[in-house]
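Novice: Predicted model, plus sequence, below.
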Amino acid sequence: MKHEQKARRWLPRLNPSTMVNDSPHVVILGAGASEATMRHGNPSAQPIPVMNELVNHLELPEELPAEWRKLLGANFESAYADLAADAGFHLAAASIRQQLRGYFERLRLPERVTLYDELVVSLRPKDLIATFNWDPLLLQAIHRNCLSSPPPQVVFLHGNVGIGACLQDRQLGTRGVLCPGCRKPLEPVELLYPVRHKDYDSAPVIKNEWSKFRETLSRAYMVTVFGYSAPVTDAVARDAMLGTWRTNGTRELAQIEIIDIRPARQVQKTWRDLVVRNHSVVWRRLSSSHILRFPRRSCDAFAMASLQCAPWYDNPLPRFRQLDQLHRWLEPLLEEEARGQFSGQPHRRRG
Ligand SMILES: [Zn+2]
């Protein structure tokens, strides 16, 4: 009896008659995800420069010695951490922060369907996207799809230029929108810059985002890491993720997917502490992931295959150019969700 109770505690919440699994799918995004989003379907698109390149285009204050510019261009994370720690360069660090914020604020998603659109429509409100990115592209994707399909939750682990907060009324939302409490516009939130000893608890908004991330990760049944290389400078983030993951009761059964363009062996080395036995797979593209092969059903399909031994046929999200085509394709899935009964049937071919 005791043994049975223990065994049950490890099972993800699958209802075999409705085939609905309420366990969350957690997606962790890094800079590589925004980069892939801007390039997707448009190889000639201007790529988002990585931080090391971007810093070479900033107007750095004249008093900053030339060697600093070189250091920042070679390894922004570590050079910025040193610069910010030096009281003599206080103004230079502030100028870098202001210019980077301006750059990210100007970024816009193209009109066509992007990877971020595909990602947000393929997850449900029980799921969570945790992003390290400062750019507002994911938020833009959520805004333009949320009326057609209920989006996943999202947390910004390093802050974001698109969000605003009212600390007094404990409100977080789109920057500039009026706070429902005091009716003043939500103020920009601080971006978390690389520092030697990152203190995720020092900024209240970011602290909140992290606790929501940890709580959801501790219950996750699937985890997808997309374009995030877990930089060694961010040991705090890495330890927080791994520490939480170890408390996850379904970890032995859970599946981890890593979407990364680096060689698979290198990727596996980065994430070896995260993976239990062989429950992980590395893909080069998001389209190979469970998320886009079973849109809005990733955990349900995985549970049916692995717990019930009744795998579903793939129902891959077709590549559309226009958002309204994408939204029309999703309708049968949303109807099933309204009924609370899943069929596991792929969409019939149309046309
Ligand atoms: Zn307020």
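Specialist: Nice, I can see it.
Novice: Enumerate every residue touching the residue of the stretch 251-351 of the chain found nearest the ion.
Specialist: Here the stretch 251-351 of the chain gets closest to the ion at one residue, Leu323, 32.7 Å apart by C-beta to the ion. Heads up, the C-betas are built off the backbone N, CA and C, glycines and all. Neighbouring residues of Leu323 by C-beta atoms under 8 Å, 6 or more residues apart in numbering: Val113, Asp117, Arg144, Asn145, Ser148.
Novice: residues contacting the second one?
Specialist: Pointing back at Asp117 there. Leu109, Ala141, Arg144, Asn145, Leu323, Leu326.
Novice: In terms of pLDDT, where does it sit?
Specialist: pLDDT, Asp117: 97.
Novice: how far away is it from the ion?
Specialist: From Asp117 across to the ion, the span is 31 Å (C-beta to the ion, to the nearest Å).
Novice: Can you classify that residue by secondary structure?
Specialist: helix (DSSP: H, G, I helix; E, B strand; the rest coil).
Novice: ok, it to Gly173 distance?
Specialist: 21 Å (C-beta to C-beta, to the nearest Å).
Novice: if we can go back for a sec, in ChimeraX, select just the buried ones from the contacts of Leu323.
Specialist: To isolate the buried ones among the contacts of Leu323 in ChimeraX, judged by 16 or more other C-beta atoms under 10 Å, type:
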select :113,117,145,148
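Novice: Between the contacts of Leu323, which sits nearest the ion?
Specialist: Arg144 (26.3 Å).
Novice: can you pull the contacts of the closest one?
Specialist: Arg144 neighbours (C-beta under 8 Å, 6+ apart): Leu109, Asp117, Leu323.
Novice: Quick check, pLDDT for it.
Specialist: So, for Arg144, pLDDT stands at 97.
Novice: Now do the strands in the chain.
Specialist: Counting by DSSP state E, the chain has strands at residues 14-15, 20-21, 25-29, 128-131, 153-156, 163-166, 171-174, 187-188, 222-226, 255-259, 280-283.
Novice: Ok, which of those comes nearest the ion?
Specialist: Closest among the strands of the chain, using C-beta to the ion: strand 163-166, at 3.2 Å.
Novice: neighbouring strands for the closest one, and are they parallel or not?
Specialist: Paired strands of strand 163-166, with direction, are strand 171-174 (antiparallel), strand 187-188 (antiparallel) (DSSP bridges).
Novice: picking up where we left off before, in CSV, list the contacts of Asp117 along with distance to Asn75.
Specialist: What follows is the contacts of Asp117, written out as CSV (distance: C-beta to C-beta, whole Å):
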residue, distance to Asn75
Leu109, 29
Ala141, 30
Arg144, 35
Asn145, 36
Leu323, 39
Leu326, 39
